[in-house]
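Enquirer: I would like the atomic coordinates for the input below:
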Amino acid sequence: MSFRFIRLLPNAEAFAQYGEGSRKANNDQRSGETGGASKVRRREVLGGAAAAACVAGKGAMAIEQSYGLEAFDAPLAPVKVEASREIETLVGLRPYRDEGFVVSAEKLGAKTIVHNYGHGGSGVTLSWGSARLALAAAAPFSFSRAAIIGAGVIGLTTALSLAHNGVAVTIYAAEASPHTTSNVAAALWQPTTVFRPDRVGGAFLDQFRFAARVSHEVFRREAGDPARGVRWIRMFDLSDAPGRPQRAEGDDLYPGAAFDAQSARRFNVPYAERYYAMVIDMSVYLPTLMREFDMAGGRIVGRRFSSLEDLVALDEGVIFNCAGYGARALFGDESLRPVRGQITLLKGQPKVDYGYVRDGPSGLLYMFPRAGAIALGGSMGWGETSLAVNESDKRRMLDGHAAIAARLAEAGTTASSDKSASGSIL
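Expert: The predicted structure is shown next:
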């Protein structure tokens, strides 16, 4: 069986209209309308898969009811930031390009190389949509076997997308889960550290919107399944200045989004935006993808590539480059640079059902819950390549998260006291 998608994607005009549709969804969301989102929902691409998640039409209240979520003003259990609760600290390198991620095909002698790399801090967020773009780039070629370079989330989602379309796939990688950069991802569904706005044009933004919205739809369908580790949480963005940059992927992907003075008071910050978002537990998700790949007949072979000659020696005629930061050395892409990340995992707290991002005077901090752990992060080492734990940055992050936890504990105590006083009989 040979692989050849003739109409894997709509034509260029339709693809541009898709981008315009998500921009209209942004505008409609800000004006309180939802007509634009339904237009995006009607556009079907990639073999009939819905390209856009239309959670805006569903509404924050419906999200709460569907997934048993607490309201935004419900209590926030403080994280117990204690050394005795640490599980481990992980380090990885985000593969970032100012011009954004690459999805394209080129010839290398008799081989066809399909590039799918450079997703910055959003490999998980963009994974499924970028995989479909990679399959679209391969559409002009007929093949029944393919090689994938890299076993992170980009490699696995691309491999599964091919396998589900009848292609015999082999993944070649020096490391596989749990030793990939994807395992280090705290994995909130939210595009971040993807591109510089002044270095990209409309064509890339359409590609970006497509990848983001397709991926969001896939994760939304998986949410609530413990076997996949995808869940909705309450999310709070904490800042010192009003407003935020426009979300190019679409405001409608953030149900309930609003700036909220009560949340700002609870966290003791000038401004807070709250919304519902999805978080993906990579300690669950990656093993699940690997099991599904194995069930689909896929193989993972341990191999390190030091030159293009090594690639040419592979038996497969079509090779998907999902090597992440490794693509810099392997393919000579010097525009690809590392952004070092570091997270500390603490023992889980079932009552911590929210997350936050705080970009303040002491640097970036973010916290997202997993089923069995709390992920504390905030490291952004531009140009750094060391995979050793930075103890100074670790201490900064732990101290910062402890201060936020203390503030939430104080706010909870104050709220309880106020409630008791208001209910007392004098």
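
Enquirer: three-state assignment of the residue nearest in space to the middle of the chain?
Expert: Note on the chain: the residue nearest the mean C-alpha position is residue 125, at 2.3 Å, using C-alpha atoms, centre = their mean. Counting by DSSP: H, G, I helix; E, B strand; the rest coil, the backbone at residue 125 sits in helix.

Enquirer: and for the one 3 residues further on?
Expert: Secondary structure of residue 128, reduced to three states by three-state DSSP: helix.

Enquirer: residues contacting it?
Expert: 157, 161, 214-215, 218-219 (C-beta atoms under 8 Å, 6 or more residues apart in numbering). No exception for glycine: its C-beta is placed from N, CA and C like everyone else's.

Enquirer: burial of residue 117, as a residue count?
Expert: Neighbour count of residue 117, defined by other C-beta atoms under 10 Å: 30.

Enquirer: please report phi then psi for residue 257.
Expert: Dihedral angles of residue 257 (phi, psi; degrees, to the nearest 10) stand at phi -60, psi 130.

Enquirer: who's the closest spatial neighbour of it, skipping the chain neighbours?
Expert: residue 275 (3.8 Å; C-beta to C-beta, 6 or more residues apart in numbering).

Enquirer: and after the host helix or strand of the one you found, which helix or strand comes next?
Expert: Per DSSP states H and E, residue 275 falls inside strand 271-280. Helices and strands here follow DSSP H and E; after strand 271-280, the next one along the chain is helix 282-295.

Enquirer: and that following helix, C-alpha only, in PDB?
Expert: What follows is helix 282-295, C-alpha atoms only, in PDB (Å, rounded to 0.1, in the frame of the first residue of the first chain):
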ATOM      1  CA  MET A 282       3.800  13.900  29.700                       C
ATOM      2  CA  SER A 283       4.700  11.100  32.100                       C
ATOM      3  CA  VAL A 284       1.400   9.600  31.000                       C
ATOM      4  CA  TYR A 285       0.900  10.900  27.500                       C
ATOM      5  CA  LEU A 286       4.300   9.900  26.000                       C
ATOM      6  CA  PRO A 287       4.100   6.200  27.100                       C
ATOM      7  CA  THR A 288       0.500   6.100  25.800                       C
ATOM      8  CA  LEU A 289       1.700   7.300  22.300                       C
ATOM      9  CA  MET A 290       4.500   4.800  22.400                       C
ATOM     10  CA  ARG A 291       2.100   1.900  23.100                       C
ATOM     11  CA  GLU A 292      -0.200   3.000  20.400                       C
ATOM     12  CA  PHE A 293       2.700   3.300  17.900                       C
ATOM     13  CA  ASP A 294       3.700  -0.300  18.800                       C
ATOM     14  CA  MET A 295       0.200  -1.500  18.400                       C
END
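
Enquirer: relative to strand 271-280, how tilted is it?
Expert: Regarding helix 282-295 and strand 271-280, their directions subtend 30 degrees when assessed with axes from the mean of the first three to the mean of the last three C-alpha atoms, to 10 degrees.

Enquirer: contacts for helix 282-295?
Expert: Contact partners of helix 282-295, identified using C-beta under 8 Å, 6+ apart, comprise 124, 153, 156-157, 159-160, 163, 169, 171, 176-178, 180, 182-185, 187, 226-230, 300, 370-373.

Enquirer: just the buried ones from these?
Expert: Neighbour counting over the contacts of helix 282-295 (16 or more other C-beta atoms under 10 Å) leaves 124, 153, 156-157, 159-160, 163, 169, 171, 176-177, 180, 182-185, 187, 228-230, 300, 370, 373 as the buried ones.

Enquirer: which ones among the residues you listed map onto strands?
Expert: Among the buried ones among the contacts of helix 282-295, the members found in strands (DSSP state E) are 169, 171, 230, 300, 373.

Enquirer: turn these into CSV, columns for distance to residue 307.
Expert: Converted to CSV, these look like this (distance: C-beta to C-beta, whole Å):
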residue, distance to residue 307
169, 23
171, 19
230, 38
300, 22
373, 39
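
Enquirer: residue 133: which of those is nearest?
Expert: If you rank those by distance to residue 133 using C-beta to C-beta, residue 169 comes first, at 17.1 Å.

Enquirer: so who does that closest one touch?
Expert: Residue 169 makes contacts with 145-148, 159, 162-163, 293, 296, 298-299, as judged by C-beta under 8 Å, 6+ apart.

Enquirer: flag the shaky bits of the stretch 301-426 of the chain, pLDDT-wise.
Expert: For the stretch 301-426 of the chain, applying pLDDT under 70 flags the ranges 413-426.

Enquirer: which stretches of it form helices?
Expert: In the stretch 301-426 of the chain, the helices defined using DSSP state H, counting those that start in this stretch lie at 308-312, 327-331, 391-422.

Enquirer: restricted to helices, list the contacts of residue 169.
Expert: Judged by DSSP state H, helices contain the following of the contacts of residue 169: 159, 162-163, 293.

Enquirer: tell me which helix or strand of this structure sits lowest on mean pLDDT?
Expert: Lowest mean confidence among the helices and strands of the chain (mean pLDDT, DSSP states H and E): helix 35-42, at a mean of 26.

Enquirer: quick revisit: distance to residue 203 added to the ones in helices among the contacts of residue 169, as a markdown table?
Expert: Listed next are those as a markdown table, based on distance: C-beta to C-beta, whole Å:
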| residue | distance to residue 203 |
| --- | --- |
| 159 | 26 |
| 162 | 25 |
| 163 | 29 |
| 293 | 31 |
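
Enquirer: can you list the contacts of residue 169 in JSON lines and add pLDDT and distance to residue 76?
Expert: Shown next, in JSON lines, are the contacts of residue 169 (pLDDT from 0 to 100; distance: C-beta to C-beta, whole Å):
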{"residue": "145", "pLDDT": "98", "distance to residue 76": "51"}
{"residue": "146", "pLDDT": "98", "distance to residue 76": "46"}
{"residue": "147", "pLDDT": "98", "distance to residue 76": "47"}
{"residue": "148", "pLDDT": "98", "distance to residue 76": "41"}
{"residue": "159", "pLDDT": "98", "distance to residue 76": "39"}
{"residue": "162", "pLDDT": "98", "distance to residue 76": "43"}
{"residue": "163", "pLDDT": "98", "distance to residue 76": "42"}
{"residue": "293", "pLDDT": "98", "distance to residue 76": "38"}
{"residue": "296", "pLDDT": "97", "distance to residue 76": "41"}
{"residue": "298", "pLDDT": "98", "distance to residue 76": "42"}
{"residue": "299", "pLDDT": "97", "distance to residue 76": "46"}
